[in-house]
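Colleague: Sequence plus the predicted model coming up.
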Amino acid sequence: MKSWRAEGICPECGNQNLVTDPKTGEVSCPECGYVVMERDVDRGPEWRKLEDEEGDRSRVGAPLSIMYRDHGLSTVIERVDEDATGRKLTKEAREKMLRLKKLDQTSQVNSSETRNLQQAANVLEIYVDKLHFPQSVAEMAMTIYRKALKAGLVRGRSIKSIMAASAYAACRLSGMPRDLREFERAYPLVKRKTIAQGYRLLLKYLNIRVPIADPAIYVSKIASRANLDQRTVQEAVRLLQEATRRGATIGKDPVGIAAAALYMACQETTQNITQKDVARAAGVTEVTVRNRFKGLKEILEGEQPQSTV
């Protein structure tokens, strides 16, 4: 039987006059009612008509975005050598347009706040590219940075560090498994100690309420890097839930706790892996895994840690 895609016919009755619903994208046959396609690609024009007149067509631009210093509303003067009718411009006209173009570029980044936002957006783009932030997290990070700039927290401090702290705060608010070590590896010019200082500054002056990080969100990432199976991941999550219930995760680095739980789960599921391999996959030291593993084992097995005098 001939394909309806090639011939544009109904596969049931052979009718060639198919009807497309512009709102739902359904392609159906008006004779027998057979739905040929439930959803189709809109191949219509990019413009939309805002008035009733047939000739009034207005192009739709890009949506507003907080990622840009001007929310994406700025325009630029393009370098052209001819007018609207296609005739070549004179030398005097070209020099005049070049001067106007330079003045336009200068006026757009004239204020210090505008230059500040532009530099911050460039830093944020690095983190978005290296750490694979979704658009929602990137916009939240820029929103936090704009609040910090308005509150005067950026004055006298590095733009890079406050932007990195804002991105880290956005990750914490969104529940994304990103730690300070990953931020430092993505952009080595900003150290994790500096990011932590900026993060505490944002929490203090912007009244940001960040939920306590759940170590379980780091388990899958560490297990993927260490090539551990799903059974071990589930056992590690169960151990973390029990440790959280007993208060063993309070005040501890969530990445280190997650690595220790995975190592403990590997022992229970008889997977052959060393503390060094788990530490490398988690991005922490082997000593951290050993200490967190010892603390988890004491609490989960009902043993109380020995106090030192």
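Modeller: Right, received. Where do you want to start? Just so it is clear, the structure is predicted and the values come from calculations on it, not from any experiment. Numbers count the residues shown, from 1 in each chain.

Colleague: could you point out the longest helix in this protein?
Modeller: Ranked by residue count under DSSP state H, the longest helix found in the chain is helix 112-131.

Colleague: So which bits of the next helix or strand after it are buried?
Modeller: Remark: after helix 112-131, the chain's next helix or strand is helix 135-150, criterion DSSP states H and E. By neighbour count on 16 or more other CB atoms under 10 Å, the buried set for helix 135-150 is 137-142, 144-149. (Glycine included, C-beta is placed from N, CA and C.)

Colleague: what's the offset of the longest helix of the chain from the middle of its chain?
Modeller: Computed by CA atoms, centre = their mean, to the nearest Å, the separation of helix 112-131 from the middle of its chain amounts to 14 Å.

Colleague: next one: stretch 203-219
Modeller: Mean-position distance between stretch 203-219 and its chain equals 17 Å (CA atoms, centre = their mean).

Colleague: Tell me which stretches of the protein form strands.
Modeller: Here the chain has its strands, by DSSP state E, at 19-20, 27-28, 35-37, 47-48, 58-59.

Colleague: Okay, now the unreliable bits of the protein?
Modeller: Scanning the chain for pLDDT under 70 picks out the ranges 1-7, 23, 39-64, 68-75, 107-111, 303-309.

Colleague: domain ranges for it?
Modeller: For the chain, automatic domain parsing gives the domain ranges 1-41, 112-205, 215-300.

Colleague: now those as a markdown table including distance to residue 101?
Modeller: Converted to a markdown table, those look like this (distance: least, CB to CB, whole Å):
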| stretch | distance to residue 101 |
| --- | --- |
| domain 1-41 | 38 |
| domain 112-205 | 18 |
| domain 215-300 | 47 |
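
Colleague: wait, which of these is closest to residue 66?
Modeller: In terms of CB to CB, the element of those nearest to residue 66 is domain 112-205, at 5.0 Å.

Colleague: Which parts of the chain are helices?
Modeller: 4-7, 91-108, 112-131, 135-150, 159-174, 180-186, 192-205, 219-225, 230-245, 254-268, 275-282, 286-300.

Colleague: May I see the buried residues of the second one?
Modeller: Put plainly, it is helix 91-108. For helix 91-108, by 16+ other CB under 10 Å, it's residue 97.

Colleague: Let me know the angle separating it from helix 112-131.
Modeller: Going by axes from the mean of the first three to the mean of the last three CA atoms, to 10 degrees, helix 91-108 is angled at 80 degrees with respect to helix 112-131.

Colleague: now helix 91-108, how far from the centre of its chain.
Modeller: Once both centres are worked out by CA atoms, centre = their mean, helix 91-108 turns out to sit 37 Å from its chain's centre.

Colleague: what packs against that helix?
Modeller: With contacts taken as 3 or more CB pairs under 8 Å, 6 or more residues apart in numbering; DSSP states H and E, helix 91-108 sits against no other helix or strand.

Colleague: Output it as CSV - backbone C-alpha positions only.
Modeller: Extracted as CSV, the C-alpha positions of helix 91-108 are listed here (Å, rounded to 0.1, in the frame of the first residue of the first chain):
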residue,chain,number,x,y,z
LYS,A,91,32.3,57.3,1.7
GLU,A,92,31.0,60.0,4.0
ALA,A,93,27.8,58.0,4.8
ARG,A,94,29.8,54.9,5.6
GLU,A,95,32.1,56.8,8.0
LYS,A,96,29.1,58.4,9.6
MET,A,97,27.4,55.0,10.2
LEU,A,98,30.7,53.6,11.6
ARG,A,99,30.8,56.5,14.1
LEU,A,100,27.2,55.9,15.1
LYS,A,101,27.9,52.2,15.5
LYS,A,102,30.8,52.9,17.8
LEU,A,103,28.8,55.4,19.8
ASP,A,104,25.9,52.9,20.1
GLN,A,105,28.3,50.2,21.4
THR,A,106,29.8,52.5,23.9
SER,A,107,26.5,53.8,25.2
GLN,A,108,25.2,50.2,25.8
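
Colleague: can you tell me which residues contact the residue of the chain positioned farthest from its centre?
Modeller: Most distant from the centre of the chain: residue 13, at 49.1 Å, with distances by CA atoms, centre = their mean. By CB atoms under 8 Å, 6 or more residues apart in numbering, residue 13 lies in contact with 29, 31-32, 34.

Colleague: 6 Å instead, please
Modeller: If you count contacts by CB atoms under 6 Å, 6 or more residues apart in numbering, residue 13 has them with 31-32.

Colleague: Residue 122: how many residues sit nearby?
Modeller: Per other CB atoms under 10 Å, the neighbour tally for residue 122 reads 12.
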